[in-house]
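In: Below are the sequence and a predicted model; questions follow.
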Amino acid sequence: MIKAIKGTRDILPQESAVWNRVEEIAREILSVYGFSEIRTPVFESTELFARGVGEDTDIVAKEMYTFDDRDSRSLTLRPEGTASVVRAYLEHQVHRDPQIWKVYYLGPMFRRERPQKGRFRQFHQLGAEVLGSDHPAIEAEVIELLQLFLDRIGVGETELLVNSIGSSQCRARFSQKLQVALSERVDALCPDCRRRCRSNPLRVLDCKREPCQPAIETLPSILECLDEPCRLHFDQFLGHLKRRDIRFKVVPRLVRGLDYYSRTTFEITSPGLGAQNALVGGGRYDGLAEVLGGRPTHGFGFALGLERVILLCQQGDSPPAADRPQLFIAPLGEPAFDRASLMARDYRRQGIRCFLDFVPRSLKSALRLANKLQSGHVLIVGENELKTGAFPLKRMRDGQQIIVSQEEVVSRLGNGF
Ligand code: HAM
């Protein structure tokens, strides 16, 4: 039997209802905050991610699904959405519009990581990006909307971790300091960290391997290397969070695993998730547009892992109201079935969620099935009913039954019978 590829999964109907609810709430809240949807391609030129996310990151060095197209061009299934959004911003010259650009996306991303609870090779992100503003209040506002969303869908307790990694000049100063400190701890580090000590020392701070942790914990803090404008920006950002009563923890090690960040970085974690506890990651990326060959553009955004969020949502056993039939049509016998099919067509045209039973069965067994599907009503269509034009309509909630004409059914459902 052919099975789904390791690290990918089917979202079956009983689960897709929860996905739809979560996505609906996300769209509603993002729209209230002035974001519009963008849909970018699922594959892009490899160079976009190599340059945007950074050659030395785990994502680019180890996790991308990259392949040569038939014309030998190197393509990559998108591992994240920010680089694509900035590419689209530059390609469509959105900067000509003086407004800030607020967009969101929902869709699959691909990373060849080791699958485990909450970690997949095809996973889904909800992301939002704001281009064209360097205001620290926009950062707090985006976090405010995220918290509203997480509260609304009911993920329970979360923690907001924040940091600033400063400008490229701050990071250059910090890298020098870090290199000195790392050279004293090199024996306690894994081969990847040792390589990064020289090529990209900041990335050592992302290492999740247990044996490296004691050495990493004693490294200097990037906050000590912030210049005045970056320090001010960070303080103002924290002030905007406080004003909104948003609780946070400053974590100087939070440099995030992608190279494009500058100044503010943040994550939202959940204790309910185990090892893969990051629900949301984000930050400012003021240098990314230039790295991609465009004009300098301020950017800030986040992405949230939908699988992780949905793991935390309450998932009831019963189908949500929107998936339950309003009317179960029970045809009794073959000629009745043909007429019942046309009745179902007419009711559906009027927006009624109909379940037409295709399996010949007794009335008793049809009622049992209607009950299982949690249908609101059952309409019985037998030979006699078709002759007289009078059909029993049963309300499943209390078993009450009335006799109606074919045309009356919709209005009876509408007025609550
Ligand atoms: P990221 O931290 O790489 O950031 O991913 C964001 C979120 O995607 C993570 O917090 C996690 O919930 C989810 N995620 C990542 N990898 C997996 C996986 N293998 N399986 C399941 N979920 C996963 C970014 O992608 C940046 N583009 C965020 C951003 C937007 N920064 C600024 N704008």
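Out: Nice, thanks for sending it over.
In: Residue 40 and residue 106 touch, don't they?
Out: No: the pair residue 40 / residue 106 is not scored as a contact, 11.4 Å apart, by Cβ atoms under 8 Å. Yep, even glycine has a C-beta here, placed from its N, CA and C like the rest.
In: Those two: which has the busier surroundings?
Out: residue 106 (21 against 15; other Cβ atoms under 10 Å).
In: would you say the more buried one is within a strand?
Out: Yes: Residue 106: assigned to a strand according to DSSP: H, G, I helix; E, B strand; the rest coil.
In: and the nearest residue to residue 355 once chain neighbours are set aside, how many neighbours does it have?
Out: Once flanking residues are discounted, residue 355 sits nearest to residue 325: 3.8 Å by Cβ to Cβ, 6 or more residues apart in numbering. Per other Cβ under 10 Å, the neighbour tally for residue 325 reads 19.
In: same thing with the one 10 residues further on?
Out: Applying other Cβ under 10 Å, we find 12 other residues in the vicinity of residue 335.
In: Leaving out the residues flanking it, which one is nearest to it?
Out: Residue 335's closest residue in space is residue 383 (Cβ to Cβ, 6+ apart), at 6.7 Å.
In: just checking, that neighbour touches residue 334?
Out: No: using Cβ under 8 Å, residue 383 makes no contact with residue 334, being 9.9 Å away.
In: Compare the two (neighbour count), which wins?
Out: Neighbour count, other Cβ under 10 Å: between residue 383 and residue 334, residue 383 has more, with 14 against 9.
In: Find me the pLDDT at that one, would you?
Out: Predicted confidence (pLDDT) for residue 383: 94.
In: list the contacts for it?
Out: 332, 333, 335, 336 (Cβ atoms under 8 Å, 6 or more residues apart in numbering).
In: Show me which of these are buried.
Out: For these, a neighbour count by 16 or more other Cβ atoms under 10 Å gives the buried set as 332, 336.
In: Looking at the contacts of residue 383, which are in helices?
Out: 335, 336 (DSSP state H).
In: Stretch 49-61 and the ligand in contact?
Out: No: taking Cβ under 6 Å from any ligand atom as the criterion, stretch 49-61 and the ligand are apart, separated by no less than 6.9 Å.
In: Distance from the chain centre to that stretch, please.
Out: Offset of stretch 49-61 from its chain centre (Cα atoms, centre = their mean, to the nearest Å): 21 Å.
In: Grab the two from the contacts of residue 383 that are most spread out in space.
Out: Maximum pairwise distance among the contacts of residue 383 (Cβ to Cβ): 9.8 Å, between 332 and 335.
In: Let me see the domain layout of the protein.
Out: According to automatic domain parsing, the chain comprises the domains 13-166+226-312, 324-414.
In: So in this structure, where's the weakest helix or strand by average pLDDT?
Out: When each helix and strand of the chain is scored by mean pLDDT, DSSP states H and E, helix 191-199 comes last, with a mean of 88.
In: Specify the next element, helix or strand, located C-terminal of that helix.
Out: helix 213-217 (DSSP states H and E).
In: Pull up the gap between residue 255 and the ligand, please.
Out: Using Cβ to the nearest ligand atom, to the nearest Å, residue 255 is found at 12 Å from the ligand.
In: Which pLDDT value belongs to the closest residue to that residue other than its chain neighbours?
Out: Among residues not flanking residue 255 along the chain, residue 205 sits closest, at 4.8 Å (Cβ to Cβ, 6+ apart). Residue 205 is assigned a pLDDT of 90 by the prediction.
In: Enumerate the residues of the stretch 201-350 of the chain near the ligand.
Out: 258, 278-283, 285, 301-305, 307-308.
In: Counting by contacts, list what the host helix or strand of residue 301 packs against.
Out: Following DSSP H and E, one finds residue 301 within strand 299-305. Packed against strand 299-305, as judged by 3 or more Cβ pairs under 8 Å, 6 or more residues apart in numbering; DSSP states H and E, are the following elements: helix 82-91, strand 122-131, helix 136-153, strand 264-269, strand 278-284.
In: how about the strand or helix carrying residue 44, does it get close to the ligand?
Out: According to DSSP H and E, residue 44 maps onto strand 43-45. No: if you take Cβ under 6 Å from any ligand atom as the test, strand 43-45 misses the ligand, and the best it gets is 13.3 Å.
In: residues of that strand that come out buried?
Out: Neighbour counts over strand 43-45 (16+ other Cβ under 10 Å) mark 43, 44 as buried.
In: Which single residue in the stretch 301-417 of the chain comes nearest to the ligand?
Out: residue 305 (2.4 Å; Cβ to the nearest ligand atom).
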